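Undergrad: everything below, folded, please.
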Amino acid sequence: MKKIILSSIIIICFFITGKAQTTEEEYNYVTKGYKVQMESGLDMKKGYSLVDLGKWGMSHNPENRECTFKALMREGQSKPCAIMMIYRRTDISTGTTWYICIPTSDASASIWQKTLDFINTNFKQNDRMLDSIIWALMHFSAQEAAK
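TA: Below you'll find the model as predicted:
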């Protein structure tokens with residue numbers, strides 16, 4: 001059931017974000033490259049910028065989790081080419097941070113499959129993680145729909 005809800009919310013996000021097809025390179029940047037950039041103090045990927053879209057958290061006493069959304073923008077374009085969702089557990093300093101790429105609605109089937117595989121592999125057995133992601137995606141979707 002949660003998989004269906006999560007998939008539905010993700011689909012809503014894609015329709016909201018517009019048409020700037022996510023490439024394999026952009027997917028890899030969102031899921032891996034951004035983390036390396038932040039940890040190493042590197043400059044932003046050439047030809048791109050990130051726009052903050054919001055942050056939503058959820059408490060599962062005593063655990064706290066949050067999802068931050070950022071739009072990956074190609075230089076000269078007004079629609080995101082991908083949405084980065086950064087998931088983290090905030091109540092412990094050793095909590096894992098996950099970087100999830102939400103591709104555009106017209107991205108290739110293989111990019112979509114990578115996102116689904118990532119979620120199924122990393123979050124399938126953890127209801128609190130899925131609850132937090134669904135909560136954040138619902139808020140993100142509502143915010144974007146109101147624009």
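Undergrad: now residue 88. Nearest residue, chain neighbours left out?
TA: Nearest-residue entry for residue 88: residue 97, 4.4 Å, with adjacent residues in sequence omitted and distances by C-beta to C-beta, 6 or more residues apart in numbering. Every C-beta, even on glycine, is put in place using the N, C-alpha and C of the backbone.
Undergrad: likewise for residue 27?
TA: Setting aside the residues directly before and after it, residue 27 is nearest to residue 101 in space (C-beta to C-beta, 6+ apart), at 4.8 Å.
Undergrad: name the next helix or strand downstream of the helix or strand bottoming out on mean pLDDT in the chain, please.
TA: Lowest mean confidence among the helices and strands of the chain (mean pLDDT, DSSP states H and E): helix 2-17, at a mean of 53. Along the chain past helix 2-17, the next helix or strand (assigned with DSSP states H and E) turns out to be helix 24-28.
Undergrad: how about that next one: buried residues?
TA: Using 16 or more other C-beta atoms under 10 Å as the burial criterion, the residues of helix 24-28 that qualify are 26-27.
Undergrad: and that helix, what's its mean pLDDT?
TA: Across helix 24-28, the average pLDDT comes to 96.
Undergrad: for stretch 41-57, same thing?
TA: 94.
Undergrad: contacts for that stretch, please.
TA: Contacts made with stretch 41-57 from outside it, assessed by C-beta atoms under 8 Å, 6 or more residues apart in numbering, are listed as 29, 33, 36-37, 64-75, 80-81, 83-84, 90, 132, 135-136, 139-140, 143-144.
Undergrad: narrow those residues to just the buried residues.
TA: Under a neighbour-count criterion of 16+ other C-beta under 10 Å, the subset of the contacts of stretch 41-57 counted as buried comprises 29, 33, 64-74, 80-81, 83-84, 132, 135-136, 139-140, 144.
Undergrad: out of those residues, name the ones that lie in helices.
TA: For the buried ones among the contacts of stretch 41-57, membership in helices holds for 132, 135-136, 139-140, 144, with DSSP state H as the criterion.
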